[in-house]
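> pasted the sequence and its predicted model underneath.
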Amino acid sequence: MTHDSHQDALLSVNHLVTQFPAKGKKNITVVDDISFDVKPGEIVAIVGESGSGKSITSQSIMGLLKSGGTIANGEILYQGHNLVEMSKKERRKLRGKEMSMIFQEPMSSLNPMLRVKTQIAEALKIHVPKQSPKERMEKVIELLKQVEIPNAETVATYFPHQLSGGMRQRVMIAIALAGEPNLLIADEPTTALDVTTQAQILALIKDLNSRNGTGVIFITHDLSVVADIADRVLVMYAGKIVEEATVYDLFENPQHPYTMGLMKAMPTLETQSDLLDPIPGNAPDIANKPKGCPFHPRCPLATEKCVEKIPELNPILNDHSARCIYPGKGGNNHEQ
Amino acid sequence: MTFQFILNIVGLLVFVNFVKLYFLKQINLINSATYFLVNWGDFLGYLKRSMLQIIPSLLILTLIIFALVYVAGDPVSQMLPENATAEDRAILSESLGLDQPFHIQYFQYVGDLIRGDFGMSYQYQEPALELVTERLTATIALSLMAMLVAIFISIPLGILAAIKRNTIIDFLVSGVSVVGKAMPNFWIGIMLILFFAVTLPIFPVSGADTPLHFILPSITLGVALAAEMTRLVRASVLEVIEQEYVQTARSKGQKESIVIGKHVFLNSLIPIVTIIGLQFPQLIGGAIVVETVFAWPGIGRLLLTAIETSDMAVVQAIVFVIAIITILANMLTDIIYRVLDPKIKYN
């Protein structure tokens, strides 16, 4: 599937390359030529192991790259405007208002010195500066209620350390929603939470998505979460998208051996935990990627051809593509 | 002159309060500041606990101060002329109570202290404690001004170095702070007098009559502390700047200046407050040298002459007062912690 920017897309990432400087060597490419669209109201999940470049993709979109990371190539179109060419000030004005972000660690993503209400009001103050303090406080309470926090008036006066992880993540979501953004980027928002809280936060994000029509990029390493929430899934490996499909297609008919491996490693009600089948080996060092298909050293299907060059992202069916020269092989194992 | 000092100190306090209020407003800490007023019982409890902790330190302190007399040499031979007879010596010894065993002398000394009697200065023929307290305001005022100088230099420079870490600006700031730390303050004082009082007669050479007199001594005293605090502020800000809540603030669309000035700086304040609290007594120590250079009428010059003339009662009183200031500064630091850190306060 060739990737052209779609007219109706909320966000369209085209051939994005993000690099980080390395001492005495040439730059390390962490995000390597990825392209995808997010339509208004759509939930797109990006799945991958640590170091696959999924968080850096989200930071590139937000314009919040740390430690000297730069976008070396490609474009990020938000409602048709290229973010890469914008000035810092223009990008800052989009943050919080057009696009917001939720982080992984609710323990550390809220300022420990400020009350909940102050932190939410800050986001409001930036984007609706004309509000009176009273109106703003009312809006803060309304936002807290929107993220289903009980006793919103009381919780508003709390400091972050007085709240549980799940509550903090709700506050974080309230902050992200304050500017009524069209795009919400959730970077592993449930990873640090226990399972019941995780389910509640997922339900909340899904609810907000369907109620406000917010487009969501949901980043995770957990396929079971993906099945719960996503419309479409991108599987990333070593900085590249290796498979892209609707969530139904991906689970029904995975094509890339890496995706299949992830599924085999995922516990379900039917499998016993001691029968889980993890993918052998470790994710490659992003600075020293293997030649050819980066997954070949861990791939059960790998042949000499896989070492020669990186395969293209080939279409399988209409909305389903995979970066593998043996797509769909070995999928039988999963059916057992 | 005493009246001048009181005026100066009042002005200083008003200024400090303005700075404090500005920050309080910034961070919605008005509630926190009134916390101790509302939770008076809590505060009294804290005060009681720390008072109990002070008692053993005070006892050890008195022992050390008392032993000073023995370390400094035999007071009798210092007080009497060289040709005094053994009989004269015995009489003086007895009248001073020096013929008693050590522990009796010590208990007598502590008993006197409790009654506020630090003995007489034989040089001035006045109670030692009065001599010290008369001059204490001048020294404290100088130290506070030096502290302000240090704060106004170190906080902007430290933040700048942290934001521009590993750039030429960072190296420059680090270099300057090493130099600042390495220069002895009496030398800085003399250089400042040469340039800004003699060559360019902007400031007075010495004395403490007008606010203008404060400028050169407080810069002299504040530079070394500023150098040390700059490095601390830098380290402290660097640690906070990597935290995720800083990214959260940026993701709200907040301006970078506010991200740094509010979210980063507020959270790096606690270690900074610690060093300020711990450094204050050291500043008073430094003040003793600087006072000599600028003929500042504080306890520094009193101490110097008292040491020269072996006026032990005065030396003891000064050491005692500085120790008390140290203890109070530590307590104050502790209280500021409680106001600043919501985790301590609301647990």
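The structure has been received and is ready for your questions.

> check contacts around the nearest residue to residue B:205 once chain neighbours are set aside.
Excluding the flanking residues, the one nearest residue B:205 by C-beta to C-beta, 6 or more residues apart in numbering or on different chains is residue B:197, at 4.4 Å. Just so you know, the C-beta spots here come from the backbone N, C-alpha and C atoms, and that holds for glycine as well. Residues near residue B:197 by C-beta atoms under 8 Å, 6 or more residues apart in numbering or on different chains: B:203-205, B:216.

> next one: residue A:256
Counted by C-beta under 8 Å, 6+ apart, residue A:256 has contacts A:235, A:242-243, A:295, A:322-324, A:327.

> which phi and psi does it have?
With angles defined as degrees, to the nearest 10, residue A:256 sits at phi -90, psi 140.

> that one and chain B, how far apart?
Look at residue A:256 and chain B: by C-beta to the nearest C-beta, to the nearest Å, they are 32 Å apart.

> could you find the closest non-adjacent residue to whichever residue of the stretch 1-150 of chain A sits closest to chain B?
Residue nearest to chain B within the stretch 1-150 of chain A (C-beta to the nearest C-beta): residue A:96, separated by 3.6 Å. Closest residue in space to residue A:96, ignoring its immediate chain neighbours: residue B:253 at 3.6 Å, by C-beta to C-beta, 6+ apart.

> how about the contacts made by residue B:162?
Going by C-beta under 8 Å, 6+ apart, the list of residues near residue B:162 reads B:170, B:233-235, B:237-238, B:241.

> the residue nearest to residue A:96 contacts residue A:95, doesn't it?
Yes: the criterion here is C-beta atoms under 8 Å, and residue B:253 meets it with residue A:95 at 4.0 Å.

> against residue A:232, how distant is the most centrally placed residue in chain A?
Nearest to the geometric centre of chain A sits residue A:219, at 2.4 Å (C-alpha atoms, centre = their mean). Per C-beta to C-beta, to the nearest Å, residue A:219 is found 13 Å from residue A:232.

> cool, and residue A:26?
34 Å.

> so for those two, which sits in the more crowded spot?
residue A:232 (22 against 9; other C-beta atoms under 10 Å in any protein chain shown).

> was I right about that one contacting residue A:244?
Yes: counting by C-beta under 8 Å, residue A:232 touches residue A:244, with 7.4 Å between them.

> next, show the common contact partners of those two.
Joint contacts of residue A:232 and residue A:244 (C-beta under 8 Å, 6+ apart) are residue A:319.

> longest helix anywhere in the chain?
Picked chain A for this. In chain A, taking DSSP state H as the definition, the longest helix is helix A:195-212.

> you looked at the wrong chain, it should be chain B
Identified as the longest helix of chain B according to DSSP H is helix B:128-163.

> immediately after it, which helix or strand?
The helix or strand immediately downstream of helix B:128-163 is helix B:168-182, counting by DSSP states H and E.

> which other residues reach that following helix?
So helix B:168-182 is contacted by B:157-158, B:160-162, B:164, B:223-224, B:226-228, B:230-231, B:234 (C-beta under 8 Å, 6+ apart).

> the same query, at a cut-off of 7 Å, please.
The contact list for helix B:168-182, computed with C-beta atoms under 7 Å, 6 or more residues apart in numbering or on different chains, reads B:157, B:160-161, B:164, B:223-224, B:226-228, B:230-231.

> please pick the buried ones from these.
Buried members of those, scored by 16 or more other C-beta atoms under 10 Å in any protein chain shown, are B:157, B:160-161, B:223-224, B:226-228, B:230-231.

> which residues of the chain fall in strands?
Assuming you mean chain A. Using DSSP state E, the strands of chain A run over A:11-20, A:28-38, A:43-47, A:70-78, A:81-82, A:99-102, A:183-187, A:215-220, A:232-237, A:240-246, A:314-317, A:320-322.

> should've been chain B
Going by DSSP E, chain B shows strands at B:120-121, B:126-127.

> near the residue of chain B found nearest chain A, how many other residues are there?
Residue nearest to chain A within chain B (C-beta to the nearest C-beta): residue B:253, separated by 3.6 Å. Neighbours of residue B:253 under the rule other C-beta under 10 Å: 23.

> do the one 10 residues further on as well
A total of 25 residues lie near residue B:263 under the criterion other C-beta under 10 Å.

> burial of the residue nearest to residue A:27 when sequence neighbours are not counted, as a residue count?
Nearest in space to residue A:27, with sequence neighbours left out and distances taken as C-beta to C-beta, 6+ apart, is residue A:19 at 4.0 Å. Per other C-beta under 10 Å, the neighbour tally for residue A:19 reads 20.

> so who does residue A:19 touch?
By C-beta under 7 Å, 6+ apart, residue A:19 lies in contact with A:27-30, A:69-70, A:72.

> try residue B:208
Counting by C-beta under 7 Å, 6+ apart, residue B:208 makes contact with B:138, B:296-297.

> over to residue B:161?
B:169-170, B:173-174, B:234.

> report the contact partners of residue 286.
All of this refers to chain A. So residue A:286 contacts A:28, A:30, A:51, A:238-239 (C-beta under 7 Å, 6+ apart).

> to clarify, I was referring to chain B.
Per C-beta under 7 Å, 6+ apart, neighbours of residue B:286: B:185, B:221, B:224.
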